[in-house]
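**Student:** test case, fold it:
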Amino acid sequence: MGKSASGKDSLYRMLFKTDRLDMKPLVTYTTRPIREGEHEGAEYHFTDIAGMKALEEKGLIIESRVYHTVHGDWYYFTADDGSTDIRKENYLVISTPEAFSKLKAYYGAEHVHPIYIEVEDGLRLSRALERERAQKEPKYKEMCRRFLADCDDFSEEKLRLAGIDRRFVNIDMDTCLKEIIEWILSA
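**Tutor:** Predicted coordinates for the structure are as follows:
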């Protein structure tokens, strides 16, 4: 986990390509529109409010969050849809401190461990702007909203309350990846 443009998505993909690790993605859900280059079931399961409510009525939603974006409310959530078996497989998921706490409570602290990616705000803002410029239809207003919202979502207090004390500083992607791999293998 980490603030937007911290490199967590890139590191996430790189971890799956690491031969020494045997991890599977825990694919979460969102009601936001699919972005250019994303694929259903890879980054997220893309659904609508009705699909989310159907899972909720079945009692399958573990945790959920709503972001009040400039494009409307977007929900992100994790569902126990039968695709994960935490006792047999190792999973990796991108989440927030709040979601991490709920996943830890649901699956057990012995099964859920945080990998927090940290980047200095100026570098992070520069990366976010570069990424947004590459989109067919840049959404700069939403980029700014996310940047500011992350200050609250990943506040020092929320990190402390979630029990997130280890940080991986992502100035250099290869160095950060190596540190994360070694930490996972030693756990």
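
**Student:** ok, residues contacting stretch 109-116?
**Tutor:** The set of residues external to stretch 109-116 that reach it, using Cβ atoms under 8 Å, 6 or more residues apart in numbering, is 1-2, 86, 97, 100, 103-104, 159, 162-164, 166-168, 180, 183-184, 187. C-beta coordinates here come from the backbone N, C-alpha and C atoms, glycine included.

**Student:** tell me the helices in the protein, going along the chain?
**Tutor:** If DSSP state H is used as the criterion, the helices of the chain fall at 8-16, 49-57, 97-107, 121-133, 140-153, 156-161, 173-186.

**Student:** show me which residues of the third one are buried.
**Tutor:** In other words, helix 97-107. Buried residues in helix 97-107, defined by neighbour count with 16 or more other Cβ atoms under 10 Å: 97, 98, 99, 100, 101, 102, 103, 104, 107.

**Student:** any idea which of those residues is closest to residue 135?
**Tutor:** Proximity of the buried residues of helix 97-107 to residue 135 was ranked by Cβ to Cβ; the top entry is residue 99 with 25.1 Å.

**Student:** so what's the closest one up against?
**Tutor:** With contacts defined as Cβ under 8 Å, 6+ apart, residue 99 is in contact with 1, 63, 65, 76, 78.

**Student:** what about the fourth one, how many residues nearby?
**Tutor:** Number of residues near residue 76 (other Cβ atoms under 10 Å) recorded here: 20.

**Student:** does it touch residue 30 like I think?
**Tutor:** Yes: using Cβ atoms under 8 Å as the test, residue 76 is close enough to residue 30 to be in contact (4.8 Å).

**Student:** which residues do those two both contact?
**Tutor:** Listed contacts common to residue 76 and residue 30 are residue 44; contacts here mean Cβ under 8 Å, 6+ apart.

**Student:** got the contacts of residue 99 as TSV, with pLDDT and distance to residue 19 columns?
**Tutor:** As requested, the contacts of residue 99 are arranged in TSV below (pLDDT from 0 to 100; distance: Cβ to Cβ, whole Å):
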residue	pLDDT	distance to residue 19
1	97	24
63	97	31
65	94	33
76	96	30
78	97	27
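
**Student:** got those residues as JSON lines, with distance to residue 51 columns?
**Tutor:** Below are the contacts of residue 99 laid out as JSON lines (distance: Cβ to Cβ, whole Å):
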{"residue": "1", "distance to residue 51": "24"}
{"residue": "63", "distance to residue 51": "16"}
{"residue": "65", "distance to residue 51": "16"}
{"residue": "76", "distance to residue 51": "13"}
{"residue": "78", "distance to residue 51": "14"}
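
**Student:** looking at these, which is nearest residue 35?
**Tutor:** Distances from those to residue 35 were compared by Cβ to Cβ; the smallest belongs to residue 76, at 13.5 Å.

**Student:** and that closest one, bridged to which residues?
**Tutor:** Residue 76 has these beta-bridge partners by DSSP bridges: residue 30, residue 65.
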